[in-house]
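**Student:** Sequence and predicted structure are below.
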Amino acid sequence: SEKMGILEKISEIEKEIQRTQKNKATEYHLGLLKAKLARYRAQLLEGPKSSGPKGEGFDVMKSGDARVALVGFPSVGKSTLLSTLTSTESECASYEFTTLTCIPGVIEHNGARIQLLDLPGIIEGAAAGKGRGRQVISVARTADIVVMMLDALKGDVQKELLTKELEAVGIRLNKKRPNIYFKEKKGGGISITATCILTKISERMINLILHEYKIFHADVVFRADYGTDEFIDVVVGKRKYMPCLYVYNKIDQISIEEVDRIAWQPHCVVISCNMLLNLDYLKDMIWKYLQLITVYTKKPGKKPDFADGLILRSNSNVEHACHAIHRTLVENFKYAQVWGRSAKYNGQHVGLGHKLAHEDVVLVTKK
Ligand SMILES: Nc1nc2c(ncn2[C@@H]2O[C@H](COP(=O)(O)OP(=O)(O)OP(=O)(O)O)[C@@H](O)[C@H]2O)c(=O)[nH]1
Ligand SMILES: [K+]
Ligand SMILES: [Mg+2]
C-alpha cells in the first residue's frame, strides 16, 4: 500500500542518516536527508482520511481549566497515578497494555480543575502506526502539557525513545518555536536575511531545503542562530510545541543515589505511586508547567472574593476574565479596574485588552 511505501522510504532515510558520518563534507547531504525525512513523515501523518481505527473512545470531552496527557511505555504506572491523584479508577495491573482507551480524571489543585488523561502505553514505532500509538499521540496533541511517565528502573532509554516518537509526529517538548520568519511568495525568488551571524546553516543549505519542498519564492529571516532542524520545522509547519514534565515513577525500587541523580535533571520529578512519595510536589509542578493564573473578582464597595478565584491561562486579558465570569459580560462591559501586579496603580482603569497577572483583583463596571 501507499503507507507501506512511505514507511519503507522513511526507514531507508533513517538508516542512511545513521550510516553517514557527520562532517563538513556530508553536511549538505545530511541536511537534504533530514528535509526528505520530514516531508515523508508529514505525508504519513496526513495520509488518506479513511485509514486507521477511529472513534474508539479516544475523543474525550475537554473539561476543567486545563488538560494534561499522561504518556509512557506500558506498565510504568500511568493508571496507578490517575487512580491515586483523582477520584477516577483506572484499571492497573502488572501486565502490559492494561489500559486500552483514554480514561479522564480530574485533579483539583490550587482551586483549578485539571483534566488528567490516562492513555494506553505506547511503544517504539508508535509514530509509524504501531499499537495505538498514533491515537495516543493525537490525543496528547490536544493537551496543554505532556506528563511523560517513566519507569525509574529502566533508566533514561525510555525517555529518549519516547521523545523520538513524539518528535517524529511533529511534537516538540520543552522547546521554543524557532524565531525564523518564513513566508512563501508568488514570485521574486528566495530572499534570505539574518539579524545575526549564522554559524549552523548556510545560504546554500537553506536553498537546498526549500528546493526539496519545491519552494522557489519566499522570504526568510533568521532572528537567531538556528540550524537545519529548526529551519525544517519552520518550513514544514504544523509543529506543536509543548511543555513536558518527565515523571520517574517507582523510585521505591531504586537507590537513594539514583533518585538523587534523576531528580536533578531538568524538567524531572521523581515519585512513587505505591508509596505515595512526592505526589504533592508533582501536582505543584503540573500547576506550574500549565502556567495558570488565579484572578479574583470584586464588587463595588466590597472586599475581593478570595475564596473563589477565576483560573485563567497565563497570557489572559480582561476579556478572558469576563468570559469566565459570565457569558454576556463582554457585551455589557464598560470598563474594569485592576489591583495587583498588572496594574500601574491601585484600581487602574483598563479596557478588555489589558493583560492580567497572577493574583490580580478585577472589578468590572457594566454599561
Ligand atoms: N514498585 C512500584 N510499582 C508500581 C508503582 N506504581 C505502579 N506500580 C505497578 O506497576 C504496574 C503497572 O501499573 P499500571 O498503572 O497498570 O501501569 P500503566 O502504565 O497504566 O500500564 P498500561 O496501561 O499497561 O500501559 C502495576 O503492577 C502497579 O502496581 C510504584 O510506585 N512502585
Ligand atoms: K499495566
Ligand atoms: Mg494503564
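**Tutor:** Nice, I can see it. Ligands and ions are numbered 1, 2, ... in the order given.
**Student:** what separates the residue sitting nearest the centre point of the chain from Ile103, distance-wise?
**Tutor:** The C-alpha lying nearest the average C-alpha coordinate of the chain belongs to Met242 (Cα atoms, centre = their mean; 1.9 Å). Distance of Met242 to Ile103, computed by Cβ to Cβ, to the nearest Å: 20 Å. C-beta coordinates here come from the backbone N, C-alpha and C atoms, glycine included.
**Student:** Over to Leu356?
**Tutor:** Plainly put, Leu356 is 34 Å away from Ile103 if you go by Cβ to Cβ.
**Student:** Equivalent analysis for Ile6, please.
**Tutor:** On the measure of Cβ to Cβ, Ile6 and Ile103 end up 32 Å apart.
**Student:** Please report the number of neighbouring residues for the closest residue to ligand 2 within the stretch 151-300 of the chain.
**Tutor:** Going by Cβ to the ion, ligand 2 is nearest to Asp151 of the stretch 151-300 of the chain, at 11.0 Å. The tally of other residues near Asp151 (other Cβ atoms under 10 Å) stands at 19.
**Student:** dump the residue contacts of the residue nearest to it when sequence neighbours are not counted.
**Tutor:** Computed as Cβ to Cβ, 6 or more residues apart in numbering, the closest residue to Asp151 that is not its neighbour in sequence is Val76, at 4.6 Å. Val76 is in contact with 121, 149-151, 158, 249-250, counting by Cβ atoms under 8 Å, 6 or more residues apart in numbering.
**Student:** Quick check: pLDDT value at Val76.
**Tutor:** Note on Val76: pLDDT of 97.
**Student:** and Met192, helix, strand or coil?
**Tutor:** Just to correct that, residue 192 is Ile rather than Met. Recorded secondary structure, Ile192: strand (DSSP: H, G, I helix; E, B strand; the rest coil).
**Student:** Could you look up the SS state of the residue in the stretch 1-150 of the chain that ligand 1 sits nearest to?
**Tutor:** Here the stretch 1-150 of the chain gets closest to ligand 1 at one residue, Gly121, 2.8 Å apart by Cβ to the nearest ligand atom. Classification of Gly121 by three-state DSSP places it in coil.
**Student:** if I read this right, it contacts Leu100, doesn't it?
**Tutor:** No: counting by Cβ atoms under 8 Å, Gly121 does not reach Leu100; the two are 9.8 Å apart.
**Student:** Pick out whichever of the two has more residues nearby.
**Tutor:** More crowded of Gly121 and Leu100, by other Cβ under 10 Å: Gly121, with 23 against 13.
**Student:** In contact with that one, which residues?
**Tutor:** With Cβ under 8 Å, 6+ apart, Gly121 has these contacts: 72-76, 78, 96-97, 99, 131.
**Student:** Over to Arg67?
**Tutor:** Listed by Cβ under 8 Å, 6+ apart, the contact set of Arg67 reads 114-115, 117, 142-144.
**Student:** repeat that with 10 Å
**Tutor:** By Cβ atoms under 10 Å, 6 or more residues apart in numbering, the contact set of Arg67 is 60, 104, 114-117, 139-140, 142-145, 290.
**Student:** Glu319 too?
**Tutor:** 329-330, 333, 336, 351-354.
**Student:** So which residues on the stretch 201-350 of the chain come close to ligand 1?
**Tutor:** 249-250, 252-253, 272-274 (Cβ under 6 Å from any ligand atom).
**Student:** Now, these that are in strands?
**Tutor:** Among those, the members falling in strands (DSSP state E) are Asn249.
**Student:** now for the residues of the stretch 201-350 of the chain next to ligand 1, which pair is the farthest apart?
**Tutor:** Gln253 and Cys273 (11.6 Å; Cβ to Cβ).
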